[in-house]
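K.L.:
task: produce atomic coordinates for the following.
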Amino acid sequence: MKRKPFVLIITGPTASGKSRLAEDIAPLLDGHIINADMGQFYTPLTIGTAKPDWKGLATPCHLFDILDQPEEMGVVRYRSLVIELVHKLQKQNKLPIIVGGSLFYIKSLFFPPRDFVALPQNTVELDLMQDTAALWDLLENIDPVRAQALHPNDRYRIVRALQIWQKTGQKPSEQQPLFDPPFNALV
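P.N.:
Okay, the predicted model is just below:
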């Protein structure tokens, strides 16, 4: 049986010292730093992201400044890039150290994004431009379990839940993510 790679993940709130900790321990553990902060993917974003001087570090760094212009860096793409890097580093006997506060990206490493199977024909029309309270009420009628798990003002997740139901005809609460990490990790 093939052994899963091991990674170290450093995450936490803004300005908690994640990057500094990674910079300090990477040389001690023969590690490479892998970015997990959305803003730090973008070359033009330096102010407000606390982007480390990754080019000036003795420790090799990955996934910093990989996008020069506004484009989506979705979790499917991020997860794929990280898995590829982790396997490459494992072959070199280097420790991947994933660092950042964008939990959506980190969560994708443990719970792979699901590909929803669309209905052959979209038979349900929803007006997603309604106010948030009306959308939450609609979701509560369709899927009370998912509605109760969301704050009534969480428009993003309410709309996403309604889109899943609209696209698949299945309740979002029945579409829970599955834990399937591609590596072992210490967080």
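K.L.:
please make it C-alpha for all contacts and neighbour counts, starting now.
P.N.:
Noted.
K.L.:
in this structure, which spans are helices?
P.N.:
Shown for the chain, the helices assigned by DSSP state H span residues 18-25, 75-91, 103-110, 132-142, 144-149, 155-168.
K.L.:
list the buried residues of the fifth one.
P.N.:
If you call a residue buried by 16 or more other C-alpha atoms under 10 Å, then helix 144-149 has these buried ones: 144, 146-147.
K.L.:
what sits up against that helix?
P.N.:
Residues from elsewhere that reach helix 144-149 (C-alpha atoms under 8 Å, 6 or more residues apart in numbering): 136, 139-140, 158, 161, 172-173.
K.L.:
same thing with the first one?
P.N.:
Under the criterion C-alpha under 8 Å, 6+ apart, residues 10-12, 31, 33, 52, 57, 59, 97, 99-100 lie in contact with helix 18-25.
K.L.:
so which of those wins on neighbours?
P.N.:
Using other C-alpha atoms under 10 Å as the neighbour test, the contacts of helix 18-25 are led by I97, with 29 neighbours.
K.L.:
show me the contacts for it.
P.N.:
Contacts of I97 (C-alpha under 8 Å, 6+ apart): 7-10, 22, 26, 31-34.
K.L.:
is I98 bridged to anything, and to what?
P.N.:
I98 has these beta-bridge partners by DSSP bridges: I9, I34.
K.L.:
quick one: it and I33 touch, right?
P.N.:
Yes - when contacts are counted by C-alpha atoms under 8 Å, I98 is listed as touching I33 (5.9 Å).
K.L.:
lowest average confidence, helix or strand, in the protein?
P.N.:
helix 155-168 (a mean of 89; mean pLDDT, DSSP states H and E).
K.L.:
what angle separates that one from helix 132-142?
P.N.:
40 degrees (axes from the mean of the first three to the mean of the last three C-alpha atoms, to 10 degrees).
K.L.:
which of the residues in stretch 88-107 are buried?
P.N.:
Neighbour-count burial for stretch 88-107 flags 89, 94-102, 105-106 (criterion: 16+ other C-alpha under 10 Å).
K.L.:
then stretch 76-87?
P.N.:
Buried residues in stretch 76-87 (16+ other C-alpha under 10 Å): 78-79, 82-83, 85-87.
K.L.:
quick check, nearest of the residues you listed to D127?
P.N.:
D127 lies nearest to Y78 out of the buried residues of stretch 76-87, by C-alpha to C-alpha, at 31.2 Å.
K.L.:
who's in contact with the closest one?
P.N.:
Counting by C-alpha under 8 Å, 6+ apart, Y78 makes contact with Y105.
K.L.:
and it, what pLDDT?
P.N.:
According to the prediction, Y78 has pLDDT 92.
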